[in-house]
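Student: model this:
(chains A and B)
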Amino acid sequence: RKEVEQDPGPFNVPEGATVAFNCTYSNSASQSFFWYRQDCRKEPKLLMSVYSSGNEDGRFTAQLNRASQYISLLIRDSKLSDSATYLCVVRPGGYNKLIFGAGTRLAVHP
Amino acid sequence: GAGVSQSPSNKVTEKGKDVELRCDPISGHTALYWYRQRLGQGLEFLIYFQGNSAPDKSGLPSDRFSAERTGESVSTLTIQRTQQEDSAVYLCASSSGAGTETQYFGPGTRLLVL
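Tutor: Below you'll find the predicted structure:
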């Protein structure tokens, strides 16, 4: 079983749609959680950290459920510029390395 | 300010040759990481340097892979006797310290082993 699992997609949605991505992780001792965004042939960039209480940044909302070892990302009012691969990322407890999911591809069309 | 830089941006080599990949972290960042990303896959952790501490080499896939870092600056990742399965994008990241700090990634080196 992979340490971080995501639905690979692709998710094809029209502009203005709301889309949700899910992610599960296997290490219950994981301490930190993130969503990164990766554009085609580019490096990953941090989109947002994920906190236990849930957090929002503009159109983006992240949720963490430690009991279910589940992380989600909600994007409201999708823009064409949101088209990218979204990577679910976990930092295991006691380590500084990041464990990446394989990513979920989003394509927003006019 | 300047971000993480990597060189070369692309490298094509023949099976069996050695390659060296270079990473210049953000100035002042004490932590440096190497990751590998195969086509269509997520990033795999390779190695982590933090200050003068012994590096975490737990992700290196074989003894053909090694990395060095000079103080808190440049790092080189060396792959000896390259194999076709080494073809991937090698990404370097740096952060201001250990813990929960954000990792900033370089543009990567695309390695193709023929």
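Student: From here on, just use CA atoms for contacts and neighbour counts.
Tutor: Will do.
Student: distance of the residue nearest to residue A:12 when sequence neighbours are not counted from chain B?
Tutor: What sits nearest to residue A:12 in space, not counting adjacent residues and going by Cα to Cα, 6 or more residues apart in numbering or on different chains, is residue A:107, at 4.8 Å. Look at residue A:107 and chain B: by Cα to the nearest Cα, to the nearest Å, they are 16 Å apart.
Student: could you list every residue that touches whichever residue of chain B sits closest to chain A?
Tutor: Residue of chain B nearest chain A, by Cα to the nearest Cα: residue B:42 (3.7 Å). Neighbouring residues of residue B:42 by Cα atoms under 8 Å, 6 or more residues apart in numbering or on different chains: A:87, A:100, A:101, A:102, A:103.
Student: could you dump the residues you listed to CSV with distance to chain B, secondary structure and pLDDT?
Tutor: Written out in CSV, the entries for these read as follows (distance: Cα to the nearest Cα, whole Å; DSSP: H, G, I helix; E, B strand; the rest coil; pLDDT from 0 to 100):
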residue, distance to chain B, secondary structure, pLDDT
A:87, 8, strand, 95
A:100, 6, strand, 92
A:101, 5, coil, 93
A:102, 4, coil, 92
A:103, 6, coil, 93
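Student: correct me, but the residue nearest to residue A:12 touches residue A:79?
Tutor: No - taking Cα atoms under 8 Å as the definition, residue A:107 is not a contact partner of residue A:79, at 9.6 Å.
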